[in-house]
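1. I'd like to go over a predicted model; first the sequence, then the structure.
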Amino acid sequence: MRYSVLSLAWNAITGHKSLGPAWRDAAPRKTYDVVIIGGGGHGLATAYYLAKEHGITNVAVLEKSWIGSGNAGRNTTIIRSNYLLSGNIPFYEWSMKLWEGLERDLNYNVMVSQRGVLNLHHSDLQRDAFARRGNAMRLHGVDAELLDRDQVQALVPYLDFDNARFPIHGGLLQRRGGTARHDAVVWGYARAADARGVDIVQNCEVTGIGISGGRVSGVETTRGSIRADKVALAVAGSSSRLATMAGLRLPIESHVLQAFVSEEVKPLIDHVITFGAGHFYVSQSDKGGLVFGGDIDGYNSYAQRGNLPTVEDVCEGGMAVMPMIGRLRMLRSWGGVVDMSMDGSPIIDHTPIDGLYLNAGWCYGGFKATPASGWCFAHLIARDEPHAVAAAYRLDRFATGHLIDEKGVGAQPNLH
Ligand SMILES: Cc1cc2nc3c(=O)[nH]c(=O)nc-3n(C[C@H](O)[C@H](O)[C@H](O)COP(=O)(O)OP(=O)(O)OC[C@H]3O[C@@H](n4cnc5c(N)ncnc54)[C@H](O)[C@@H]3O)c2cc1C
């Protein structure tokens, strides 16, 4: 069924009786052309673009829990393409372009809100770094504006401009950046992939990867064996666990990243704002809660919950730039397991095992990448060659030294 204003109105007055499930809860079949492990945004987007762009519909997405139960449903929903390095900018900008047309493409309201992403700077040195990043973006045709202190104050007057521990000197603004509703992205891709014949199999954990003669042959799951010529990993924080099943060791560490939402207040913040002198960022949800986050917890973990020192650190960051946040009560906090790569950039590539493909290393920032990640991963799986905008995301770059280290900090996950 296509969603439209008319169908919405019709269902509203007829008690939603003609609405069926948005996608089938498929049972796994014995054989597929492609098995995608991981029913997060990336796995589902990959399945959708495999079907839509390449006509490959004999595809299963296997999810050990419910779709969107991982980071796709736990993130702070920021989308942007304000990167510095040429390995990254075209990819994230392609993602932004896909976001801009996603609702029409999926026929689903994923609530893309281009409210602007503002990175604050607090020193001359940081301004120069932001100017460099903004120039790199503009050279690639991406929108970027370097604002001085007065321009930032006119835009977001509620920040602390007078008495701050780290005075605000200005900011880098990407007006096309913003947020999208994370659950809706998962549901929209699931519905659209299902409509093209993809099987979305929930409660189906992959427990083994079959390999014979250096080629992948299928997967073992809690719901039986499945044969497939091509198996694609899109499991974010579980990447190293799944890779181990295939005898691979990845340049990835899993860390907890927490996020927080406050009680609801009247509309206050109409941008995404990041503090430049510590790790804190904030936006306001449509329900009114302030959604904010900061640094990873800093130890390796597969537990989807964090610890209090990071809560304190994030709240201190908030207080330093926006003291009024201290009057708010925190409603909820949660954690997700992020796949931190050793240069802070992702991997979309073959593995050394024929037919086994890897999509991982998304660190803090894979939500914004969801459409382009699916698009490029589908291209790789279908054609066995990398998509032009993701050509730098090779697995062997960690051996050859072609790193994509946006921050120039080396192999230290907490600094990416
Ligand atoms: C707190 C937090 C805030 C974030 N904020 C942002 C943000 O503002 N902007 C941004 O761009 N990014 C953000 N991110 C990062 C972003 O959420 C992730 O990079 C992205 O969601 C990862 O891709 P995914 O959606 O496919 O992963 P996931 O949703 O984690 O999907 C992987 C799936 O694989 C499944 N799986 C694992 N093992 C198996 C198995 N053995 N068998 C079957 N299935 C399995 C999991 O259950 C999971 O559902 C944030 C992350 C967190 C945790």
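-> Ah, there it is.

2. In this structure T221 contacts I209, no?
-> No: contact criterion CB atoms under 8 Å: T221 and I209 do not qualify, at 10.4 Å. (Each C-beta comes from the backbone N, C-alpha and C, glycine too.)

3. does A184 really touch M111, like I thought?
-> Yes: under the criterion of CB under 8 Å, A184 makes contact with M111 at 5.7 Å.

4. So which bits of this protein are right by the ligand?
-> Counting by CB under 6 Å from any ligand atom, the chain comes close to the ligand at 37-43, 62-65, 69-72, 74-78, 205-206, 234-238, 242, 257-259, 293, 336, 338, 362, 364-368.

5. So which residue is dead centre in the chain?
-> In the chain, the C-alpha nearest the mean C-alpha coordinate belongs to F367, at 1.5 Å (CA atoms, centre = their mean).

6. Quick check on it: phi, psi?
-> The phi and psi values for F367, taken as degrees, to the nearest 10, are phi -60, psi -50.

7. now it, nearest residue through space, not along the chain?
-> Counting by CB to CB, 6 or more residues apart in numbering, the nearest residue to F367 once its immediate chain neighbours are dropped is N75, at 4.4 Å.

8. Now, the residues of the chain next to the ligand that are in strands?
-> 37, 62, 78, 206, 257-259, 293, 336, 338 (DSSP state E).

9. Now tabulate these in JSON lines and tack on distance to Y48, pLDDT and neighbour count.
-> Formatted as JSON lines, these follow (distance: CB to CB, whole Å; pLDDT from 0 to 100; neighbours: other CB atoms under 10 Å):
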{"residue": "I37", "distance to Y48": "16", "pLDDT": "98", "neighbour count": "26"}
{"residue": "L62", "distance to Y48": "15", "pLDDT": "98", "neighbour count": "27"}
{"residue": "I78", "distance to Y48": "22", "pLDDT": "98", "neighbour count": "20"}
{"residue": "V206", "distance to Y48": "20", "pLDDT": "98", "neighbour count": "24"}
{"residue": "L257", "distance to Y48": "26", "pLDDT": "97", "neighbour count": "25"}
{"residue": "Q258", "distance to Y48": "30", "pLDDT": "98", "neighbour count": "24"}
{"residue": "A259", "distance to Y48": "26", "pLDDT": "98", "neighbour count": "20"}
{"residue": "G293", "distance to Y48": "28", "pLDDT": "97", "neighbour count": "23"}
{"residue": "G336", "distance to Y48": "22", "pLDDT": "98", "neighbour count": "22"}
{"residue": "V338", "distance to Y48": "23", "pLDDT": "97", "neighbour count": "25"}
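
10. Can I get stretch 29-46 in PDB, CA atoms only?
-> Output in PDB follows, covering the C-alpha atoms of stretch 29-46 (Å, rounded to 0.1, in the frame of the first residue of the first chain):
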ATOM      1  CA  ARG A  29      14.500 -20.200   3.500                       C
ATOM      2  CA  LYS A  30      17.300 -22.700   2.900                       C
ATOM      3  CA  THR A  31      19.100 -20.800   0.100                       C
ATOM      4  CA  TYR A  32      19.500 -17.100  -0.900                       C
ATOM      5  CA  ASP A  33      21.700 -15.300  -3.400                       C
ATOM      6  CA  VAL A  34      22.800 -12.900  -0.700                       C
ATOM      7  CA  VAL A  35      22.600 -13.100   3.100                       C
ATOM      8  CA  ILE A  36      23.000  -9.800   5.000                       C
ATOM      9  CA  ILE A  37      23.800 -10.300   8.700                       C
ATOM     10  CA  GLY A  38      22.500  -7.400  10.800                       C
ATOM     11  CA  GLY A  39      19.100  -5.800  10.600                       C
ATOM     12  CA  GLY A  40      20.200  -2.200  11.500                       C
ATOM     13  CA  GLY A  41      19.900   0.700   9.100                       C
ATOM     14  CA  HIS A  42      23.000  -0.400   7.100                       C
ATOM     15  CA  GLY A  43      21.900  -4.000   6.500                       C
ATOM     16  CA  LEU A  44      18.300  -3.000   5.600                       C
ATOM     17  CA  ALA A  45      19.500  -0.100   3.300                       C
ATOM     18  CA  THR A  46      21.900  -2.600   1.600                       C
END
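
11. Off-centre distance for it?
-> 17 Å (CA atoms, centre = their mean, to the nearest Å).

12. Just give me the neighbour total for Y364.
-> Neighbour count of Y364, defined by other CB atoms under 10 Å: 23.

13. Repeat that for D183.
-> The burial count for D183: 15, using other CB under 10 Å.

14. now do G116
-> G116 has 20 nearby residues by other CB under 10 Å.

15. residues touching it, list them.
-> Each residue near G116 by CB atoms under 8 Å, 6 or more residues apart in numbering is listed here: 173-178, 270-272.

16. okay, now the domains of this structure?
-> Per automatic domain parsing, the domain ranges recorded for the chain read 20-81+83-108+182-251+343-415, 117-177+254-341.

17. What is the end-to-end distance of the last one?
-> Start and end residues of domain 117-177+254-341 are separated by 24 Å (CA to CA, to the nearest Å).

18. Would you mark the buried spots in stretch 74-92?
-> Buried residues in stretch 74-92, counted by 16 or more other CB atoms under 10 Å: 74-85, 87-92.

19. which ones among the residues you listed are found in helices?
-> Among those, the members falling in helices (DSSP state H) are 89-92.

20. Tell me the buried residues within the contacts of G116.
-> Taking 16+ other CB under 10 Å as the criterion, what is buried in the contacts of G116 is 173-174, 176-178, 271-272.

21. Quickly note the distance from the residue nearest to the centre of the chain to D150.
-> Using CB to CB, to the nearest Å, F367 is found at 32 Å from D150.

22. picking that back up, quick one: residues contacting the residue nearest to F367.
-> N75 makes contact with 182, 259, 336, 366-367, according to CB under 8 Å, 6+ apart.
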